[in-house]
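Trainee: I would like the atomic coordinates for the input below:
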Amino acid sequence: MRHNKKFNHLSRTSSHRKAMLSNMAASLILHKRITTTLAKAKALRVYVEPLITRSKTDSTHSRRMVFRQLQNKIAVTELFREIAVKVADRPGGYTRIIKLGNRLGDNAEMCMIELVDFNENLLGAKTSKKAKSTRRRGSSKKSTDTKASTTEQKAENKPNEASVEKPVEDKVEAPAVEETKMESDDTVVENSEEVNEKEESKDKS
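Mentor: Predicted coordinates for the structure are as follows:
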């Protein structure tokens, strides 16, 4: 019975599971990146990270304890010579799991597990981002200086409002429509005078 056993047995016996994890840990240390199923990768992360933490103290005892788990001399020397130097300042979290989708045959979830400090692409992206941020800070200072200088130049070039004479507005000529209206009014007055004269002549007769 498996009362209160919370780790994943991976459908294997205890000896088979330990041998598989030991082999996978040695492959991860040598190649820095391996592809496996998600369940195995999660079990391997719990298995290999304590070994990497132990490699930070390079002593005979720690080497023997790691060799007891890995059973691989080449992997042990690689772990203590190269990996321990790069991981010295990192307080845990030495591995990263990246999901790759499902496998065609049995639809198992596949992933890639890798050592964080050995992914050159992500490390290069981080350094480039830092460089860009420093450039932006410098450019912002330059932009503020240029803005200040331009405002000063504008203040010098701008004359006083009192000294500037306002331009005289040209008189707008009346539109031709008003003239036609005036002419029509004159003709109406003349016609009315003629009518009045005719009426007076009739009265006299």
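Trainee: quick one, helices of the chain?
Mentor: 14-31, 38-54, 60-70, 73-78, 84-86, 120-157, 176-204 (DSSP state H).
Trainee: shouldn't residue 86 be in contact with residue 116?
Mentor: No. Between residue 86 and residue 116 there is no contact under CB atoms under 8 Å: 9.3 Å. Every C-beta, even on glycine, is put in place using the N, C-alpha and C of the backbone.
Trainee: ends of stretch 88-103, what's the gap?
Mentor: 36 Å (CA to CA, to the nearest Å).
Trainee: mind listing what residue 10 touches?
Mentor: The contact partners of residue 10, taken as CB atoms under 8 Å, 6 or more residues apart in numbering, are 17, 20, 39, 40, 43.
Trainee: 6 Å - rerun?
Mentor: residue 17 (CB atoms under 6 Å, 6 or more residues apart in numbering).
Trainee: now it: how far from residue 100?
Mentor: 19 Å (CB to CB, to the nearest Å).
Trainee: okay, now residue 77: neighbour count?
Mentor: 13 (other CB atoms under 10 Å).
Trainee: same question but for residue 110, I mixed them up
Mentor: 16.
Trainee: same question, the one 5 residues further on
Mentor: Using other CB under 10 Å, residue 115 has 19 other residues around it.
Trainee: for this protein, which spans come out with low pLDDT?
Mentor: 123, 125-195, 198, 200-205 (pLDDT under 70).
Trainee: make it 80
Mentor: 2, 120-205 (pLDDT under 80).
Trainee: residue 52 and residue 94 touch, don't they?
Mentor: Yes. Residue 52 lies in contact with residue 94 (CB atoms under 6 Å); the separation is 4.8 Å.
Trainee: which residues do these two both contact?
Mentor: Counting by CB under 6 Å, 6+ apart, the common neighbours of residue 52 and residue 94 are residue 87.
Trainee: okay, buried residues for stretch 8-18 please.
Mentor: residue 17 (16 or more other CB atoms under 10 Å).
Trainee: nope, stretch 102-116 is what I meant
Mentor: Here stretch 102-116 shows 110, 111, 113, 114, 115 as buried, counting by 16+ other CB under 10 Å.
Trainee: what does stretch 66-82 give?
Mentor: 66, 69, 70, 72, 75, 76, 78, 79, 80.
Trainee: show the end-to-end separation of it, please.
Mentor: Stretch 66-82: ends 15 Å apart by CA to CA.
Trainee: got the contact list for it?
Mentor: With CB under 6 Å, 6+ apart, stretch 66-82 has contacts from 22, 26, 29, 30, 51, 54, 55, 58.
Trainee: distance check, the closest residue to residue 49 other than its chain neighbours against residue 102.
Mentor: Residue nearest to residue 49 in three dimensions, not counting chain neighbours: residue 94, with 5.5 Å by CB to CB, 6 or more residues apart in numbering. Counting by CB to CB, the separation of residue 94 from residue 102 is 27 Å.
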